[in-house]
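Peer 1: Could you look at this predicted model? Sequence included:
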Amino acid sequence: MGDNRLGAIADDLATKGWTWQPDLMPEKLTRALREELIARDAAAALEAAGIGRQDAYQVDRSVRRTRITWFDGSTQAQKEFRAWTEALRIDLNRELMLGLFEMEVCFAVYPPGGFYDRHLDSFAGARNRVVSLVAYLNEDWDEARGGALAVWNEGACEEDAPTARIIPQPGGVVLMLSEAIPHEVEVTQETRYGLAGWWRVNQSGVGRIDPLS
């Protein structure tokens with residue numbers, strides 16, 4: 001990644017808390033991840049996604065309608081994605097001193113009619129998710145197919161119009177501050193392929209180790 005691109009990402013995250021970067025992910029990696037996701041979905045390896053974490057976790061199809069499967073590091077495409085995001089993590093830590101530590105990642109398929117209502121990726125102060133990354137894997141996409149990502153700036157009210165609506169173009173990447181930026185996936189008209197990852201910080205302390213999961 002060139003210094004100009006990295007500088008634009010860092011500036012956006014520092015000033016508004018999110019950034020949209022078309023064609024950021026290498027085409028070869030995008031294609032390999034897409035092929036893996038399509039194969040996993042065809043093999044019924046994905047499950048309905050829920051909302052909340054731990055004891056509060058539930059599947060509520062009135063809020064979120066998508067299928068996911070978590071990365072397990074078992075494929076070459078996943079390993080290459082990990083290497084690509086690791087380089088990005090190091091760059092972001094150097095530019096913004098975020099202390100990003102570990103990333104969790106899942107594939108996501110939104111079937112026709114799929115959506116995800118407005119939400120934050122992490123509760124304020126939880127630090128379990130600090131920076132979110134969303135990458136789009138379809139071969140092509142346009143606004144008529146739906147599934148746009150609506151984004152609000154930090155502190156926006158429920159009744160405020162979105163600050164931006166991002167069309168999920170292949171290889172495009174959204175980065176956002178997980179605790180600050182509300183967003184939603186609008187209803188998609190066609191099957192929409194992508195992945196989502198979240199960096200957290202190392203919360204190890206005296207007598208407690210924050211392990212790599």
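Peer 2: Received, thanks.
Peer 1: From now on I want contacts and neighbour counts done on CA atoms only, so please keep to that.
Peer 2: Noted.
Peer 1: where do the helices sit along the chain?
Peer 2: With DSSP state H, the ranges of helices along the chain come out as 3-15, 27-42, 76-96.
Peer 1: Adjacent strands (with direction) for the worst-scoring helix or strand of the chain on mean pLDDT?
Peer 2: Within the chain, judged by mean pLDDT, DSSP states H and E, the helix or strand with the poorest mean is strand 47-48; its value is a mean of 77. Strand 47-48 has its sheet partners listed here by DSSP bridges as strand 67-70 (antiparallel).
Peer 1: Please identify the buried residues of the partner strand?
Peer 2: Of all the residues in strand 67-70, those buried under the rule 16 or more other Cα atoms under 10 Å are 67, 68, 69.
Peer 1: Mind putting those into a markdown table with distance to residue 167?
Peer 2: Listed next are these as a markdown table, based on distance: Cα to Cα, whole Å:
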| residue | distance to residue 167 |
| --- | --- |
| 67 | 20 |
| 68 | 20 |
| 69 | 23 |
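Peer 1: Switch those residues over to JSON lines; also include pLDDT.
Peer 2: Below are those laid out as JSON lines (pLDDT from 0 to 100):
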{"residue": "67", "pLDDT": "92"}
{"residue": "68", "pLDDT": "94"}
{"residue": "69", "pLDDT": "93"}
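Peer 1: Next, count neighbours for residue 131.
Peer 2: 27 (other Cα atoms under 10 Å).
Peer 1: number of nearby residues for the closest residue to it other than its chain neighbours?
Peer 2: In this structure, residue 131 finds its nearest non-sequential neighbour in residue 177, 4.6 Å apart by Cα to Cα, 6 or more residues apart in numbering. Per other Cα under 10 Å, the neighbour tally for residue 177 reads 24.
Peer 1: And residue 177, how far from residue 21?
Peer 2: 15 Å (Cα to Cα, to the nearest Å).
Peer 1: Then residue 176?
Peer 2: 11 Å.
Peer 1: One more: residue 63?
Peer 2: Counting by Cα to Cα, the gap from residue 63 to residue 21 is 27 Å.
Peer 1: Many thanks, we can stop here.
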